[in-house]
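In: turn this into a structure:
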Amino acid sequence: MQLLLQDNVVLVWKKCLTVNISIMATIKIKQVRSSIKRPAIQKATMQALGLKKMNQVIEHEATPQILGMVKKVQHLLEVVE
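Out: You can find the predicted model right below:
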């Protein structure tokens with residue numbers, strides 16, 4: 001059983017124990033340069049982030065995996081606050 005409270009906090013009820021799980025911060029990523037004539041690994045990273053078009057903005061949770069992908073193609077992206 002899950003219960004959604006204010007500020008995106010989820011309480012999970014499991015065998016008489018309550019566990020507090022908070023949702024991580026989100027970042028907005030905007031593609032500002034094309035991935036044409038880029039190495040295949042950079043194209044794959046852009047596709048994995050979900051970016052397909054110029055000036056497209058995608059919102060992701062700020063996990064270490066996403067931040068690592070953003071760092072690899074930071075010359076093609078802009079982080080929108």
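
In: for the residue nearest to the spatial centre of the chain, give its distance to S35.
Out: Centroid check for the chain by CA atoms, centre = their mean gives H60 as the closest residue, at 2.2 Å. In this view, H60 and S35 are 17 Å apart by CB to CB, to the nearest Å. Every C-beta, even on glycine, is put in place using the N, C-alpha and C of the backbone.

In: which non-adjacent residue is nearest the residue nearest to the centre of the chain?
Out: Distances taken as CB to CB, 6 or more residues apart in numbering put I66 closest to H60, at 4.8 Å, once the chain neighbours are dropped.

In: average pLDDT for the host helix or strand of that neighbour, rounded please.
Out: Following DSSP states H and E, one finds I66 within helix 64-72. The pLDDT scores in helix 64-72 average 96.

In: how far away is the residue nearest to H60 from K37?
Out: Distance from I66 to K37, by CB to CB: 25 Å.
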